[in-house]
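Participant: Sequence and computational prediction follow.
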Amino acid sequence: MATAPINLGLVKPSPFTVPKSQNPSKLRVFTLRCSSATANAVSDLSERPWKTSDARLVLEDGSIWKAKSFGASGTQVGEVVFNTSLTGYQEIITDPSYAGQFVLMTNPQIGNTGVNFDDEESRKCFLGGLVIRSLSISTSNYRCAETLGDYLAARNIMGIYDVDTRAITRRLRQDGSLIGVLSTEETKTDEELLEMSRSWDIVGVDLISGVSCKTPYEWVDKTDSEWEFKSNRNDGEAFRVVAYDFGIKSNILRRLASYGCKITVVPSTWPASETLKMKPDGVLFSNGPGDPSAVPYAVETVKEIFGKVPVFGICMGHQLIGLALGGTTFKMKFGHHGGNHPVCNLRTGHVEISAQNHNYAVDPKSLPDGVEVTHVNLNDKSCAGLAYPARKIMSIQYHPEASPGPHDSDYAFREFIELMKRVKVNA
C-alpha cells in the first residue's frame, strides 16, 4: 500500500522581541503548515539523483559483488589481480602486461587527477576491466584532459566502483588470483556469469601476440626534460639496440633512449636471424602479459640470440630467458602488482623499492650451473634477477623504468649499457 507523502509549506515569518531582556534580540518565527497528497500527485520516486548498483562482479568461487558501473557497458571475463600502487592508474591501465586481467586498485580513491595523453604506456588499453572502491567525482590536475570514466568508455573498457575492494583483496591473497566476470547486463543471470568464469582460463594462452606491434619501427623519444631525474647518463657513445615487443611499455624505450641508445622495436615473432642481420650492440626482451610457457616461439628466438650479442630481459623477457636457459617457470599465488615491492640486489646488498607486474616467476633451482641469481624479492624470496656473464645475459623480473613507481632500479639500464660497452671493447 502506497503511503501518501506530506507536503510542507512555509508561511511568511514575523519578527517579535523577547521581553524582559537587557539585550533584546529579534527572533524570526516560522509557521509550518502540513498537508497530504496522494501518490499520484508526486513525481516518480524511483528516479533518484544518485547512481544505484547496476553492475556485478562474479568470481569463480561463487561470490557475487554488486557495484556501480563506469566506462563501457557489457559483459567481460578476465583474471582478477590487485595492484598496491598509490598513484599512476593511467600508466597501469595502459600497461599491455595486464591483457586478459581485471585490475583491482587497493588505493581507495581513483580518478582524482583525470587522464592526460602524455602518461600512456602503450597505444591502447589492453586490460579487461578496472575495479575500484571510490570514483572521484571531480578531477584536479593541470594536465588533465579527460575524466577517467570518459577515457575508459571511449576505449570500450569496463569499470566498476562502490565495491568492497579490501574484502576482495583479502580473498585473492587467501585463495589466489581468481577468474571473474564483469557485467552490466540485467538479462544475464548470476548462474550464467558464474559458468562463464568457471569455463575460461588464462593459463597456457598466448597473450603476447595480441599486444605486440605488427611491423618494426624506430623509437627516438627520450624522457621529457620536465621529468628527467638523471644527468650524465652516457659518455656520448650510442649503442644500437633491438627491442622485442612482447607488450613493451613506452617508458622502457624512453629510458633506453635517454641513455643514448638507438632503438629498433620489432614484433614478438621477428626471426632471430633478421635481428642478427641488423648487427645490434644488444637485444632487449621486454615485458608482456600471460604465461611464458605459452609462447615457445619466443623462447626459441631467445635461444638463437644467446651468446651472440648482449641481452637484457625485463619481466616477461626475464622469464623467457629462464626458460631458454633450460629452467622452468611457475604461476604464483596472486603475483606481484604494484610500485612498492622490496628487492635485494645480492651483489651489492642494497635494497631497492621496485615496480612489479607479473603472475609468473622463474624457479632458480631449475637453472643450470653458471647462472647467477642477482636479485631476490624480499616479500617472498622469489627470483627477481639473473645473470650469466659467460653468455652476456642479464635480466630482472621487475620494472626498472617504473612508470608508475620509484626510480631505485633505473641503474639496470646503465648496467646494460656497460655490458654492451665491455663486449664491444673486447670484440
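Facilitator: Perfect, thanks for sending it. In this text the structure is predicted, and so the values were computed from the model without any measurement.

Participant: So what's the predicted local confidence for the residue most central in space within the chain?
Facilitator: Nearest to the mean C-alpha position of the chain, counting by C-alpha atoms, centre = their mean, stands residue 92 at 2.9 Å. With respect to pLDDT, residue 92 scores 97.

Participant: repeat for residue 24
Facilitator: 48.

Participant: Isn't the residue nearest to the centre of the chain up against residue 101?
Facilitator: No. The pair residue 92 / residue 101 is not scored as a contact, 10.7 Å apart, by C-beta atoms under 8 Å. C-beta coordinates here come from the backbone N, C-alpha and C atoms, glycine included.

Participant: what sits up against stretch 188-200?
Facilitator: Here stretch 188-200 makes contact (C-beta atoms under 8 Å, 6 or more residues apart in numbering) with 56, 58-60, 62, 64, 75, 77, 178-181, 183.

Participant: and the nearest residue to residue 124 once chain neighbours are set aside, what is it in contact with?
Facilitator: Excluding its sequence neighbours, the residue lying closest to residue 124 (C-beta to C-beta, 6 or more residues apart in numbering) is residue 155, at 6.4 Å. Residue 155 makes contacts with 72, 124-125, as judged by C-beta under 8 Å, 6+ apart.

Participant: what's the lowest-pLDDT member of these?
Facilitator: Among the contacts of residue 155, residue 124 has the lowest pLDDT, at 93.

Participant: quick one: that one is in a helix?
Facilitator: No. Residue 124 is assigned coil when assessed by DSSP: H, G, I helix; E, B strand; the rest coil, not a helix.

Participant: Count the neighbours of it for me.
Facilitator: 11 (other C-beta atoms under 10 Å).

Participant: Does it touch residue 95 like I think?
Facilitator: No. Applying C-beta under 8 Å, one finds residue 124 not in contact with residue 95, separated by 11.2 Å.

Participant: list the buried ones in the biggest helix by length in the chain?
Facilitator: If you go by DSSP state H, the chain has its longest helix at helix 411-426. Within helix 411-426, the residues scored as buried using 16 or more other C-beta atoms under 10 Å are 411-413, 416-417, 419-421.

Participant: do stretch 297-310 as well
Facilitator: Those buried within stretch 297-310 under the rule 16+ other C-beta under 10 Å are 298-299, 301-303, 305-306, 309-310.

Participant: could you redo these as a markdown table and give each row pLDDT?
Facilitator: Converted to a markdown table, the buried residues of stretch 297-310 look like this (pLDDT from 0 to 100):
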| residue | pLDDT |
| --- | --- |
| 298 | 98 |
| 299 | 98 |
| 301 | 98 |
| 302 | 98 |
| 303 | 98 |
| 305 | 98 |
| 306 | 96 |
| 309 | 98 |
| 310 | 98 |
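
Participant: and which of these is nearest residue 52?
Facilitator: Proximity of these to residue 52 was ranked by C-beta to C-beta; the top entry is residue 298 with 46.3 Å.

Participant: what's that closest one in contact with, if anything?
Facilitator: The neighbours of residue 298, taking C-beta under 8 Å, 6+ apart as the test, are 208, 244, 246, 268, 285, 292, 320.

Participant: Next step: those restricted to strands.
Facilitator: Using DSSP state E, the members of the contacts of residue 298 that fall in strands are 244, 285.

Participant: Among the contacts of residue 298, which pair sits farthest apart?
Facilitator: Applying C-beta to C-beta across these, the maximum distance is between 244 and 292, 13.1 Å.

Participant: Run through the chain and note the low-pLDDT ranges.
Facilitator: Applying pLDDT under 70 to the chain picks out residues 1-47, 231-236.

Participant: Quick one: list the elements packing against the top strand by length along it.
Facilitator: Assignment by DSSP E gives strand 329-345 as the longest strand of the chain. Here strand 329-345 touches strand 75-83, helix 165-175, helix 316-324, strand 351-362, strand 372-377, strand 383-388, going by 3 or more C-beta pairs under 8 Å, 6 or more residues apart in numbering; DSSP states H and E.

Participant: CA-only coordinates of that strand in CSV, if you can.
Facilitator: Once non-C-alpha atoms are left out, strand 329-345 reads as follows in CSV (Å, rounded to 0.1, in the frame of the first residue of the first chain):
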residue,chain,number,x,y,z
THR,A,329,58.6,-21.1,-14.6
PHE,A,330,55.6,-21.4,-12.3
LYS,A,331,52.3,-19.5,-11.7
MET,A,332,52.4,-17.5,-8.4
LYS,A,333,49.5,-17.5,-6.0
PHE,A,334,48.5,-13.9,-6.6
GLY,A,335,51.6,-12.4,-8.3
HIS,A,336,53.3,-9.1,-7.7
HIS,A,337,51.5,-6.0,-8.9
GLY,A,338,52.4,-2.6,-7.5
GLY,A,339,55.0,0.1,-7.0
ASN,A,340,56.2,-0.8,-3.5
HIS,A,341,57.9,-4.2,-3.7
PRO,A,342,61.3,-4.5,-1.9
VAL,A,343,64.1,-6.2,-3.8
CYS,A,344,67.6,-7.1,-2.6
ASN,A,345,70.5,-6.8,-5.0
